[in-house]
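Participant: give me the fold of what follows.
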Amino acid sequence: MLNKLFSFYRPSSAIAETQLNEEERNKYLKRLRWSVFLSATFGYGLYYVCRLCLNVIKNPLVKSGVLTESELGIIGSALFFSYAIGKFVNGFLADRVNIRRFMATGLFISALSCIALGFTTSFVVFTVLWGVNGWAQSMGAPPSVIALTRWYSPQKRGTFYGFWSASHNIGESITFIVISLIVASLGWQWGFWGASIFGMIGVIVIYSFLHEHPEAKGLYLAEHQQVKKDESSVSSQQLQVLKNPYIWILALASSFMYVSRYAINSWGVFFLETGKGYNTVEASSIISVSSVCGILGTISSGFISDSFFKGSRNLPALIFGMLNAASIAVFLYVPKGNLWVDIACMVLFGLSIGVLVCYLGGLMAVDIASKKASGAALGVVGVASYIGAGLQDIISGHLIEKGKYVVGGKVNYNFETVNAFWIGAAVISFLLAALVWNASKKKPAN
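Facilitator: Residues are numbered from 1 along each chain as shown. Purely as a prediction, here's the structure:
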């Protein structure tokens with residue numbers, strides 16, 4: 001049994017070089033590259049549908065008495081904590097397995113978890129299944145990045161990586177628009193089942209179109225044939241990352257940024273429904289604006305720093321960090337009935353978070369670290385980010401429930417305390433990021 005399992009996930013072997021003329025070879029390579037890029041992007045985007053579907057179901061679950069706000073916070077944190085650990089472990093595994101099958105398996109397990117969640121009302125079962133979903137979700141990003149690394153040269157990889165980074169916005173848009181419509185029409189169970197359908201579509205896309213590496217298709221690229229440099233110092237460079245205080249400051253800054261990111265992502269719909277009186281579809285549509293604008297922020301982040309700040313990330317990180325905090329504050333405190341102000345806040349929030357996820361979520365740490373230890377730098381920042389996201393869900397759920405009160409038989413919420421928590425996290429994030437202003441000058445030699 002184990003032998004069959006290992007055999008299934010064994011990387012594909014290289015085959016004899018394809019016998020094509022130069023024009024045919026270039027067309028074949030271009031077609032395969034686009035296949036890899038699009039399947040990784042849309043496949044990972046559909047991962048996010050299975051990850052975020054709970055966010056548009058929270059209010060119906062509370063209203064129906066299935067779960068409390070605190071329980072939802074704990075359930076949400078189960079995904080973030082298992083994802084944080086899984087991202088580190090599965091990152092190492094992904095280098096050693098068949099990435100097409102590995103990534104498809106993760107989304108398949110995630111979709112199955114969503115199917116099962118539609119059939120339960122148990123808090124314990126919800127927590128366990130959502131934790132399993134978190135682990136499965138961590139099987140998505142590493143194979144995607146590895147695929148882009150294998151198929152694209154360093155000169156083109158950054159551009160395609162930037163566009164791939166916007167895949168989560170695709171998933172968010174589908175969730176906040178399509179899944180919310182399904183929930184409003186058919187009930188909360190179909191929120192999970194609808195997400196699972198999108199997940200299964202993603203499994204088919206990934207398994208059909210995500211190719212492992214050029215050599216498995218008979219293509220031997222010149223940039224891949226260079227002799228590998230000695231890697232004996234990789235461990236020492238990774239150790240330097242762990243000793244570098246700037247990396248840890250950035251990890252902490254990213255952690256607080258993820259608190260503000262997932263505060264709106266996880267609780268924004270609930271806030272608009274219970275705090276401003278929007279219905280589920282209206283609230284989800286407003287939050288979806290941030291997802292759409294986040295695409296623009298993410299794909300333009302590298303261009304912004306390279307074109308306007310001479311490659312420096314520090315000043316734009318500070319500017320967009322302040323913009324993030326300001327947009328959240330206005331969104332939370334503007335009185336109900338100001339639809340266009342709420343939408344404008346989500347436009348600014350989406351743009352700023354899109355940029356910050358790129359900068360604080362990894363790029364600034366990679367700029368500081370040695371090239372041989374960029375993976376370690378990303379790992380440190382990634383673990384800290386999702387621990388922050390997990391703690392946010394627990395704390396937010398508890399504070400929201402504490403602020404619940406009943407007037408004339410109607411349930412109301414006082415969001416003052418949780419608002420201060422969310423805005424404070426955004427402010428602390430950009431203040432911490434400002435502490436690494438001169439870090440690049442101390443970058444170790446590669």
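Participant: okay, strands next: where are they in the chain?
Facilitator: Assigned by DSSP state E, the strands in the chain fall at 404-407, 410-413.
Participant: and the ones you listed as CSV, adding mean neighbour count?
Facilitator: Bear in mind the C-beta positions are built from the backbone N, C-alpha and C, glycine included. Converted to CSV, the strands of the chain look like this (neighbours: other Cβ atoms under 10 Å):
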stretch, mean neighbour count
strand 404-407, 10
strand 410-413, 12
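Participant: quick one, which of these is nearest to Lys217?
Facilitator: strand 410-413 (55.5 Å; Cβ to Cβ).
Participant: run through this structure and note the low-pLDDT ranges.
Facilitator: Along the chain, segments meeting pLDDT under 70 span 92, 154-159, 162, 222-235, 238, 311, 366, 370-376, 439-446.
Participant: so which residue is smack in the middle of it?
Facilitator: His168 (5.7 Å; Cα atoms, centre = their mean).
Participant: gap between it and Leu239?
Facilitator: From His168 over to Leu239 the distance is 31 Å, taken as Cβ to Cβ, to the nearest Å.
Participant: what of Arg150?
Facilitator: Counting by Cβ to Cβ, the gap from Arg150 to Leu239 is 27 Å.
Participant: the more surrounded of these two?
Facilitator: When Arg150 is set against Leu239 and neighbours are counted by other Cβ atoms under 10 Å, the residue ahead is Arg150, at 18 against 12.
Participant: contacts only, for the residue lying closest to the more buried one once chain neighbours are set aside.
Facilitator: Nearest residue to Arg150 in three dimensions, chain neighbours excluded: His213, at 4.5 Å (Cβ to Cβ, 6 or more residues apart in numbering). Neighbour list for His213: 11-12, 14, 150-151 [criterion: Cβ atoms under 8 Å, 6 or more residues apart in numbering].
Participant: want to throw those residues into TSV with distance to Gly73?
Facilitator: Compiled in TSV, those are given as follows (distance: Cβ to Cβ, whole Å):
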residue	distance to Gly73
Pro11	40
Ser12	42
Ala14	49
Arg150	39
Trp151	40
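Participant: most neighbours out of the residues you listed, which is it?
Facilitator: In those, the most neighbours by other Cβ under 10 Å go to Trp151, 27 neighbours.
Participant: ok, Ser266 to Lys58 distance?
Facilitator: Relative to Lys58, Ser266 is positioned 8 Å away (Cβ to Cβ).
Participant: okay, stretch 269-277 in PDB with CA atoms only?
Facilitator: Once non-C-alpha atoms are left out, stretch 269-277 reads as follows in PDB (Å, rounded to 0.1, in the frame of the first residue of the first chain):
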ATOM      1  CA  VAL A 269     -19.400  40.500   5.900                       C
ATOM      2  CA  PHE A 270     -20.500  39.800   9.400                       C
ATOM      3  CA  PHE A 271     -19.700  43.400  10.500                       C
ATOM      4  CA  LEU A 272     -21.700  44.900   7.500                       C
ATOM      5  CA  GLU A 273     -24.700  42.600   8.200                       C
ATOM      6  CA  THR A 274     -24.900  43.100  11.900                       C
ATOM      7  CA  GLY A 275     -23.300  46.600  12.300                       C
ATOM      8  CA  LYS A 276     -24.600  48.400   9.200                       C
ATOM      9  CA  GLY A 277     -27.700  46.500   8.300                       C
END
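Participant: who touches that stretch?
Facilitator: Under Cβ under 8 Å, 6+ apart, the answer for stretch 269-277 is 55-56, 58-59, 62, 176, 180, 278-280, 282-284, 286-287, 332, 336-337, 342, 400, 411-413, 415.
Participant: same check on stretch 423-439?
Facilitator: 246, 249-250, 252-254, 256-257, 259-260, 263, 314, 317-318, 321-322, 324-325, 328-329, 332, 356, 359-360, 364, 368, 392.
Participant: got phi/psi on Val97?
Facilitator: phi -130, psi 180 (degrees, to the nearest 10).
Participant: what about it, how many neighbours?
Facilitator: Neighbour count for Val97, taken as other Cβ under 10 Å: 22.
Participant: the residue nearest to it when sequence neighbours are not counted - how many residues pack around it?
Facilitator: Of all residues not flanking Val97 in the chain, Tyr9 sits nearest, at 4.4 Å (Cβ to Cβ, 6+ apart). By other Cβ under 10 Å, 15 other residues sit near Tyr9.
Participant: same question for Pro316.
Facilitator: 17.
Participant: now do the same contact list for it.
Facilitator: Neighbours of Pro316 in contact, by Cβ under 8 Å, 6+ apart: 301, 304-305, 308-309, 355, 359.
Participant: again, but for Gly140
Facilitator: For Gly140, the contact set (Cβ under 8 Å, 6+ apart) comprises 43-44, 47, 103, 106-107.
Participant: quote the end-to-end distance of stretch 408-425.
Facilitator: In stretch 408-425, first residue to last residue: 35 Å (Cα to Cα, to the nearest Å).
Participant: is there a quick ChimeraX command that grabs whichever of the contacts of stretch 269-277 are buried?
Facilitator: The buried subset of the contacts of stretch 269-277, as determined by 16 or more other Cβ atoms under 10 Å, is captured in ChimeraX by this line:
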select :55,56,58,59,62,176,180,278,280,282,283,284,286,287,332,342,400,413,415
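Participant: and the contacts of stretch 269-277, which of them are in helices?
Facilitator: 58-59, 62, 180, 280, 282-284, 286-287, 332, 342, 400 (DSSP state H).
Participant: reformat these as JSON lines; add distance to Gly202.
Facilitator: Output for the ones in helices among the contacts of stretch 269-277, formatted as JSON lines (distance: Cβ to Cβ, whole Å):
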{"residue": "Lys58", "distance to Gly202": "23"}
{"residue": "Asn59", "distance to Gly202": "26"}
{"residue": "Val62", "distance to Gly202": "29"}
{"residue": "Ser180", "distance to Gly202": "19"}
{"residue": "Thr280", "distance to Gly202": "24"}
{"residue": "Glu282", "distance to Gly202": "28"}
{"residue": "Ala283", "distance to Gly202": "26"}
{"residue": "Ser284", "distance to Gly202": "21"}
{"residue": "Ile286", "distance to Gly202": "26"}
{"residue": "Ile287", "distance to Gly202": "22"}
{"residue": "Leu332", "distance to Gly202": "34"}
{"residue": "Asp342", "distance to Gly202": "31"}
{"residue": "Ile400", "distance to Gly202": "32"}
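Participant: can you give me the helices in the stretch 101-250 of the chain?
Facilitator: With DSSP state H, counting those that start in this stretch as the criterion, the stretch 101-250 of the chain has helices at 123-137, 141-151, 154-165, 167-174, 180-186, 188-209, 234-243, 245-276.
Participant: right, and these - which one's nearest Gly297?
Facilitator: Per Cβ to Cβ, nearest to Gly297 of the helices of the stretch 101-250 of the chain: helix 167-174, 8.7 Å.
Participant: just the C-alphas of the closest one, formatted as CSV.
Facilitator: The C-alpha trace of helix 167-174 is given here as CSV (Å, rounded to 0.1, in the frame of the first residue of the first chain):
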residue,chain,number,x,y,z
SER,A,167,-4.8,34.2,-7.6
HIS,A,168,-6.1,34.5,-4.1
ASN,A,169,-8.1,37.6,-5.2
ILE,A,170,-9.7,35.4,-7.9
GLY,A,171,-10.8,33.0,-5.2
GLU,A,172,-12.0,35.8,-2.9
SER,A,173,-14.1,37.4,-5.7
ILE,A,174,-15.8,34.1,-6.5
